[in-house]
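In: need a 3D model of the sequence below.
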Amino acid sequence: MVARPSSDARRAALRTLAVALPCGALGASLVLLAAGKTWMRGTAAFGQGHLAVHATGGQTTALPGALALVGLAALVAVFAVRRVGRYLVSALLTLSGLGVIVAVLARHGDTGAVDDAAATATGLTHATATHTAATSWPLVCALGGLLLLVAGLLALRYGHAWPAMSSRYDRAGGKRPARVRAAAAAPAVDPDRAEDLWKALDRGEDPTQGG
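Out: Prediction:
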């Protein structure tokens, strides 16, 4: 017989769930938000003047945004699977957060995207941006990745005790199907009484089959 978790263990699992869900959802939202914001600014020489140019997170690297979507899907899928599947999905969520952090750090200070913006703005293939400066949005993106990572680690450690979408169908002592309840409530048929035989036939039962 499988031992049921204690009430303290269930409360602890619900507390970690209450932390992991907001962390994962907020983390993915921050990454997706930051991906559309300016990560690098600069200027491009054009004639006797300069043009202001910039590059967004998505132009710098598309990886964080893609990983945020994967992490968000994994966060939802945690509740749709069990046992080994839940560990695998939790690991995917963890790796998504870690991947976002690594991608942001790897491209931090990279001027490739803003150089491309300078070339596009001036129409000169080899134009580069000058006076470049990074914004704080890459840090926001990395923070989102960290929150995804925290959600994944919590899922790996405590996810086995979290409820599943289909758990209400597996509760011990749950209600029996209507057909079983009807069969259990049906009165016994006396084969020597004609009215019992007719009533059994009306219920769709075979009065010739013994209980």
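In: could you look up the SS state of the most centrally placed residue in the chain?
Out: The C-alpha lying nearest the average C-alpha coordinate of the chain belongs to residue 75 (C-alpha atoms, centre = their mean; 2.1 Å). The three-state label given to residue 75 by DSSP: H, G, I helix; E, B strand; the rest coil is helix.
In: pLDDT value on it, please?
Out: The predicted local confidence for residue 75 comes out at a pLDDT of 92.
In: ok, now residue 33?
Out: 96.
In: so what's it up against?
Out: In this structure, residue 33 makes contact with 140, 144, judged by C-beta atoms under 8 Å, 6 or more residues apart in numbering. Quick note: C-beta positions are derived from backbone N, CA and C, even for glycine.
In: roughly how far apart are it and residue 65?
Out: As for residue 33, its distance to residue 65 is 10 Å (criterion: C-beta to C-beta, to the nearest Å).
In: how does the protein divide into domains?
Out: Listed by automatic domain parsing, the domain ranges of the chain are 10-167, 177-211.
In: and the ones you listed, which is most packed in?
Out: The highest average neighbour count among the domains of the chain, using mean count of other C-beta atoms under 10 Å, belongs to domain 10-167 at a mean of 19.
In: now it: how far from the chain's centre is it?
Out: Using C-alpha atoms, centre = their mean, to the nearest Å, we find the averaged C-alpha position of domain 10-167 to lie 14 Å away from the chain's own average C-alpha position.
In: compare the mean pLDDT across the domains of the chain and name the weakest.
Out: If you rank those by mean pLDDT, domain 177-211 sits at the bottom with a mean of 56.
In: quick one, strands of the chain?
Out: 38-46, 49-56, 130-134 (DSSP state E).
In: to residue 91, which of these lies closest?
Out: strand 38-46 (28.8 Å; C-beta to C-beta).
In: so residue 57 touches residue 39, yeah?
Out: Yes: in terms of C-beta atoms under 8 Å, residue 57 counts as a neighbour of residue 39; the distance is 4.9 Å.
In: where do the contact lists of those two overlap?
Out: With C-beta under 8 Å, 6+ apart applied, the overlap between the contact sets of residue 57 and residue 39 consists of 137, 138.
In: need the contact list for the residue lying closest to the residue nearest to the centre of the chain once chain neighbours are set aside.
Out: With C-beta to C-beta, 6 or more residues apart in numbering as the measure, residue 24 is the residue that lies nearest to residue 75, at 4.1 Å, once sequence neighbours are left out. Residue 24 sits next to 71, 72, 75, 93, 147, 148, 151, 152 when contact means C-beta under 8 Å, 6+ apart.
In: tell me how far residue 24 lies from residue 8.
Out: Distance of residue 24 to residue 8, computed by C-beta to C-beta: 25 Å.
In: ok, the nearest residue to residue 119 once chain neighbours are set aside to residue 118 distance?
Out: If you skip the residues right next to it in sequence, residue 119 has residue 127 as its closest partner in space, 4.6 Å away by C-beta to C-beta, 6+ apart. Relative to residue 118, residue 127 is positioned 5 Å away (C-beta to C-beta).
In: joint contacts of those two?
Out: Where contact means C-beta under 8 Å, 6+ apart, the residues bridging residue 127 and residue 118 through contact with each are residue 44.
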